[in-house]
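Enquirer: This is a predicted model, with the sequence first.
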Protein chains: 2
Amino acid sequence: MKKIYLLLFTAFLLIMFCCGREKSSTTSQQTQKPDWVIVIHGGAGNINPEDFTPEKEKQYRDKLAEALEKGAAILENGGSGLDAVVASINVLEDCPLFNAGKGAVFNADGINELDASIMDGKNLNAGAVAGVTTIKNPINAARLVMEKSGHVMLIKDGAEKFARENGLEMVDPSWFFSQNRWDALQEAKKREQQKLEDNTKKGGTVGCVALDKQGNLAAGTSTGGMTNKKYGRVGDSPIIGAGTYANNESCAVSATGHGEFFIRNVVAYDISARMLYHNEKVEQAATDIINNKLKLQGGNGGVIALDKNGNIAMPFNTTGMFRGFYKSGGKPEIAIFR
Amino acid sequence: MKKIYLLLFTAFLLIMFCCGREKSSTTSQQTQKPDWVIVIHGGAGNINPEDFTPEKEKQYRDKLAEALEKGAAILENGGSGLDAVVASINVLEDCPLFNAGKGAVFNADGINELDASIMDGKNLNAGAVAGVTTIKNPINAARLVMEKSGHVMLIKDGAEKFARENGLEMVDPSWFFSQNRWDALQEAKKREQQKLEDNTKKGGTVGCVALDKQGNLAAGTSTGGMTNKKYGRVGDSPIIGAGTYANNESCAVSATGHGEFFIRNVVAYDISARMLYHNEKVEQAATDIINNKLKLQGGNGGVIALDKNGNIAMPFNTTGMFRGFYKSGGKPEIAIFR
């Protein structure tokens, strides 16, 4: 008899718990699902207001707005999230302000070695390239790998051969030269010789996630990696599940930061897993992983994440992250600092 | 009033469900946790009894037993799971029967291009190499990357330079030559010219997971990839979260099969995520992913998975998988076919 009372009481608690959860989750959701959403980042890191003149800040803001608007126009016209992701990332890759494409940092041998990946949330198709030096827009190569190679990841000269054979725009490695990144390499080498820590070399990277009118999610990431990187080091950007992930059932994610931590913690997929298996909201999952799990390990960085209902999260545990979003019916929103 | 009855009925169903779950999960658990456990695989694929003479089957069984015993001796003496994983994989890498190290398949250019990764469940440290051609034991290079590079993934000649500088055993690429793999490449090229499908080229790979006396889990994977692979293709074996994952809180996993599917589904980490976020048992999570999720997509392969209590799972959706396990107080158990 006592056992039955206990069971009924447990049942009562369970019902109360379920009702409470339902209520709180409803209130945290937005009221109306937007037709389309696009979110971008241009890297998280040691980014502080005192290092920016008004002109410099405006340069960054304008370029981020341009990238958002480029993708938004595609989405507004009924284009695919994948097309929007590639177009937005191309704007950032072609701009020397960001550590991707033109503007990529130099490795220890004085070469710009680029990584990128993309994922289609509709069918879980994915593509990635790593360690390429002659492909003008690595995100386009990642998409080409996804759509035409039958594979997910191609690396180094093999990836370049594939890109060339498929008509992608190739450039001389010198195309990626920029004076400030070259100076940063010299500074990094000097600090290395003096055995000083160099925190400036981590971070960078650009990324984009989008939800299109058809309800499809897509994610992409492109990077030059770390200044002064050695031995063919590859970070999280070309790793599906770490730097990039998209699944129509859950969310689309692009990461930026100290890549090794993002690989070990399988960050992009972890956000999706928590949503699918643990009923977490995108904001809750992304924020907890970046601000608690990674921060405890000393893993600097951030993510942009977007769920199938158009809810977004842009957490970072650094002082700043170049970021922005644009939802149908709204306007481009840009932020850099905390 | 009607609503209350409905709620109570729902509560009753919930309780029955929970009790049932508890019971069935308890019965599937083993009664006593073993001191140590080691599990290996030598690849999943189109492996059928009719293709094996008794002599050939004995060769495979003997080598798998040797690999298990090598790792088991380390674990029995109180050595680390990482040491056991590396030692067991070395046995399989050095044997021409398996598609890893000596015995690796050839890429389209007639080169043996090797990938490997390793992960330490105690601290989530990880290391990987991809596309290397002169490192005798790629799993040792992966461990070196984990322990001495400050990075997780190094690729191609950069990874080789790092291995050489750190005193790893290097070999001429010709060391990896084996006649049967060379013949397989010629056959694959012929089928390619005739536009015939070649299902034999998928799969292969060796892997090991271990639980040591200290309660630490470790996982490692090593492969030659796909016969006739092109353009620097990299599969899941060197991708942390896809082909390899270990976490003391959940499980250690090594995968084998059609790597692209394992990357897109972040298979190794997905098993851990389901255990941590969805309270699934290792057997339940691994089996569902391999036999339902991947099979539905046409993704051939299997995994070995080991939880922190020594429970193991070795599901595969192909006709066979070279596999074996050894638990303290027991003896080596080997299987090849279904």
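Expert: Thanks, I have it.

Enquirer: Let me know the secondary structure of the residue nearest to residue A:93 when sequence neighbours are not counted.
Expert: Here the nearest residue to residue A:93 in space, its sequence neighbours aside, is residue A:101; by Cβ to Cβ, 6 or more residues apart in numbering or on different chains that works out to 2.8 Å. Where C-beta positions appear, they are placed from N, C-alpha and C, glycine not excepted. Under DSSP: H, G, I helix; E, B strand; the rest coil, residue A:101 falls in the coil class.

Enquirer: What's the local residue count around residue A:101?
Expert: 30 (other Cβ atoms under 10 Å in any protein chain shown).

Enquirer: I'd say it and residue A:134 touch.
Expert: No. Contact criterion Cβ atoms under 8 Å: residue A:101 and residue A:134 do not qualify, at 12.0 Å.

Enquirer: on that earlier part again, the residue nearest to residue A:93 and residue B:312: what is the separation?
Expert: As judged by Cβ to Cβ, to the nearest Å, residue A:101 and residue B:312 stand 46 Å apart.

Enquirer: Likewise for residue A:83?
Expert: Distance from residue A:83 to residue B:312, by Cβ to Cβ: 45 Å.

Enquirer: doesn't residue A:270 fall inside a helix?
Expert: Yes. According to three-state DSSP, residue A:270 belongs to a helix.

Enquirer: and the residue nearest to it when sequence neighbours are not counted, what pLDDT?
Expert: With Cβ to Cβ, 6+ apart as the criterion, residue A:270 has its nearest non-adjacent residue at 5.8 Å, and that residue is residue A:289. pLDDT recorded at residue A:289 is 98.

Enquirer: cool, residue A:241 as well?
Expert: At residue A:241, pLDDT is 98.

Enquirer: Am I right that it is in contact with residue A:269?
Expert: Yes. Under the criterion of Cβ under 8 Å, residue A:241 makes contact with residue A:269 at 3.9 Å.

Enquirer: helices or strands up against the helix or strand containing residue A:322?
Expert: In the assignment (DSSP states H and E), residue A:322 maps to strand A:320-327. In this structure, strand A:320-327 packs against strand A:37-45, helix A:54-76, strand A:301-307, strand A:333-337, with contacts taken as 3 or more Cβ pairs under 8 Å, 6 or more residues apart in numbering or on different chains; DSSP states H and E.

Enquirer: And what about residue A:299, helix, strand or coil?
Expert: Note that with three-state DSSP, the state of residue A:299 is coil.

Enquirer: what distance separates stretch A:237-245 from the centre of its chain?
Expert: 8 Å (Cα atoms, centre = their mean, to the nearest Å).

Enquirer: Just want to know which of residue A:83 and residue B:312 has more residues nearby.
Expert: residue B:312 (24 against 17).

Enquirer: and the spatially most central residue of chain A, what are its bridge partners?
Expert: Using Cα atoms, centre = their mean, the residue of chain A that lies closest to the mean C-alpha position is residue A:254, 2.1 Å off. Beta-bridge partners recorded for residue A:254 (DSSP bridges): residue A:244, residue A:304.

Enquirer: Tell me which residues touch it, please.
Expert: A:41, A:207, A:208, A:209, A:219, A:220, A:221, A:243, A:244, A:268, A:303, A:304 (Cβ atoms under 8 Å, 6 or more residues apart in numbering or on different chains).

Enquirer: List the buried residues in stretch A:321-335.
Expert: A:321, A:322, A:323, A:324, A:325, A:326, A:327, A:328, A:332, A:333, A:334 (16 or more other Cβ atoms under 10 Å in any protein chain shown).

Enquirer: Next, format those residues as CSV and append pLDDT.
Expert: Converted to CSV, these look like this (pLDDT from 0 to 100):
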residue, pLDDT
A:321, 97
A:322, 97
A:323, 98
A:324, 98
A:325, 98
A:326, 98
A:327, 98
A:328, 98
A:332, 97
A:333, 98
A:334, 98
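
Enquirer: which among these gets closest to chain B?
Expert: Proximity of the buried residues of stretch A:321-335 to chain B was ranked by Cβ to the nearest Cβ; the top entry is residue A:321 with 22.1 Å.

Enquirer: separation between that closest one and residue B:131?
Expert: From residue A:321 over to residue B:131 (counting by Cβ to Cβ), the distance is 32 Å.

Enquirer: cool, residue A:53 as well?
Expert: 44 Å.

Enquirer: Give me the more crowded residue out of these two.
Expert: residue B:131 (29 against 8).

Enquirer: so what's the more buried one closest to, chain neighbours aside?
Expert: residue B:156 (4.5 Å).

Enquirer: Could you give the number of residues near that neighbour?
Expert: 23.

Enquirer: ok, residue A:134 - how many residues close by?
Expert: 19.

Enquirer: No more questions from me, cheers.
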